[in-house]
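Q: Dropping a prediction and its sequence here:
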Amino acid sequence: MNDTRIALVTGANKGIGFAIAQGLGAIGFTVAVGAREEARREKAVERLRAADVDAFGVAIDVTSDDSVAAAAATMERTAGRLDVLVNNAGIGGQTDGGAQDPTTLDLDVVRTVLETNVFGVVRVTNAMLPLLHRAGSPRIVNMSSNMGSLTLQTGPILAAYAPSKSMLNSVTAQYARRLADTNVIVNAGCPGYVATDFTGFNAPRTPEQGAAIAIRLATLPDDGPRGGFFDDEGVVPW
Ligand code: NDP
C-alpha cells in the first residue's frame, strides 16, 4: 500500500473546504476533493493540481445515501484506506432578513439544515469508518461553529443553523466516546468568521485562516485530544 496519507474533505470545491484541501495537500496529503457538482469539483481539482497538490475528485452529496455509498466505494477503489476525514460541507439555511426567528421558524428549513450539517456528517462518517480503521493514525474533523456554543450564544439569531452546530458538537462527543479505545481521533473545530460565499465574503478571516484549525486537528499526534471543540485560540466552550 502507498505510504502517502489520504484525506477526504467534503464541500472542498470552494471556501474553507478548498483551503483545507490545499493546506493538507501542501503538507503532503493526497487529497480527495469531495464535492457534489461535477464542474465545480473538477475546477477545484485543477486549481489544486496547479498548486502542486496531489488531488482527485470524489462525487459526494452528503444528503444522499446513494451518493455517499458511491463515494466510499470510490475511496476504497482508489486509495484502499482513509487517514483523514474532514466533514466540512455545511449550509446556513434560508434566512429572513439575515435571521432565523425561532418564533416563526419554518420547520422545513430546520430539516434541510440538519440533513446537511448533522445527518450528512453521520452518513459520511459511518460510510468512511471502515476505511479510516485501516489507517495508522486516523483523524476525523467536524467543521462546527461557535454559533453552536450554548455558553457563548454568539452571532445573529439563527434558530436552525446554530442548533445544528450544537447537535454536531454533541454528535462529535458521541463518536469520540464510541471510538475511545481505537486510534480514531474525532474533534470539532470552529474556523472563526471567514470571508466565503457563506458569509457573503463579508468577514474578517481568510479561508486559509479558517482552514488552520482543521489542519491542526487533522494532524494531531496519537496522544492528542479527543472529543473536543477547538479554534485557533484553544478550547471553545460547549
Ligand atoms: P461555503 O458556502 O463557501 O462552502 C460550503 C461547501 O459545502 C461548498 O463546497 C458546498 O458545495 C458544500 N455543500 C453544501 N451542501 C452540500 C451537500 N449536500 N453535499 C456536499 N457538499 C455540500 O461555506 P464555508 O466554506 O464558509 O463553510 C464551510 C464550513 O465551515 C461549514 O460547515 C460552515 O458551517 C462552517 N463555518 C463557516 C464559517 C464562516 O464564517 N464562513 C463560520 C463557522 C463555521 P456547493 O458549492 O455545491 O454548494
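A: Cool, the structure landed.
Q: Please compute how far the helix or strand containing residue 120 lies from its chain's middle.
A: Assigning secondary structure by DSSP states H and E places residue 120 in helix 120-132. From the chain centre to the centre of helix 120-132 is a distance of 12 Å (Cα atoms, centre = their mean, to the nearest Å).
Q: Contacts only, for residue 168.
A: 117-118, 121, 142, 144, 148, 188 (Cβ atoms under 8 Å, 6 or more residues apart in numbering). From N, CA and C alone the C-beta is placed, and that goes for glycine too.
Q: ditto for residue 176
A: Residue 176 neighbours (Cβ under 8 Å, 6+ apart): 185-187, 226-228.
Q: does any bit of the helix ranked longest in the chain sit next to the ligand?
A: Among the segments of the chain that qualify as a helix by DSSP state H, the longest is helix 161-178. No. Judged by Cβ under 6 Å from any ligand atom, helix 161-178 and the ligand are separated, with a smallest distance of 6.8 Å.
Q: so residue 109 sits in a helix?
A: Yes. Assessed by DSSP: H, G, I helix; E, B strand; the rest coil, residue 109 belongs to a helix.
Q: if we can go back for a sec, mind putting the contacts of residue 168 into TSV with distance to the ligand and pLDDT?
A: Output for these, formatted as TSV (distance: Cβ to the nearest ligand atom, whole Å; pLDDT from 0 to 100):
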residue	distance to the ligand	pLDDT
117	6	99
118	11	99
121	9	99
142	9	99
144	7	98
148	9	98
188	10	99
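Q: can you pick the most crowded of the contacts of residue 176?
A: residue 186 (28 neighbours; other Cβ atoms under 10 Å).
Q: quick one: that one and residue 180 touch, right?
A: No. At 9.7 Å, residue 186 does not count as touching residue 180 under the criterion of Cβ atoms under 8 Å.
Q: any common contacting residues for these two?
A: Common neighbours of residue 186 and residue 180 (Cβ under 8 Å, 6+ apart) are 226-227.
Q: Show me how far stretch 110-120 is from its chain's centre.
A: 13 Å.
Q: Show me where this protein has its helices.
A: With DSSP H as the criterion, the chain has helices at 15-26, 38-50, 65-78, 107-114, 120-132, 161-178, 207-218.
Q: what comes up buried for the first one?
A: Within helix 15-26, the residues that qualify as buried are 15-25, counting by 16 or more other Cβ atoms under 10 Å.
Q: Specify the beta-bridge partners of the residue nearest to residue 104 when sequence neighbours are not counted.
A: Leaving aside its sequence neighbours, residue 104 sits nearest to residue 96 (Cβ to Cβ, 6 or more residues apart in numbering; 7.6 Å). Beta-bridge partners recorded for residue 96 (DSSP bridges): residue 99.
Q: can you list the residues of this protein near the ligand?
A: By the rule Cβ under 6 Å from any ligand atom, the part of the chain lying against the ligand is 10-11, 13-17, 35-37, 40, 60-63, 88-91, 116, 143, 145, 190-191, 193-194, 196-199, 203.
Q: Please list only the buried members of those residues.
A: Buried members of these, counted by 16+ other Cβ under 10 Å: 10-11, 13-17, 35-36, 40, 60-63, 88-91, 116, 143, 145, 190-191, 193-194, 196, 198.
Q: Sitting in strands, which of these do you find?
A: Among those, the members falling in strands are 10, 35, 143 (criterion: DSSP state E).
Q: How about the contacts made by the nearest residue to residue 161 once chain neighbours are set aside?
A: Closest residue to residue 161 apart from its sequence neighbours, by Cβ to Cβ, 6+ apart: residue 92 at 5.0 Å. Under the criterion of Cβ under 8 Å, 6+ apart, the neighbours of residue 92 are 113, 158, 161, 198.
Q: go with 10 Å
A: Contacts for residue 92 (Cβ atoms under 10 Å, 6 or more residues apart in numbering) come out as 100, 109, 113, 116-117, 145, 147, 158, 160-162, 164, 197-199.
Q: Perfect, I'm done here.
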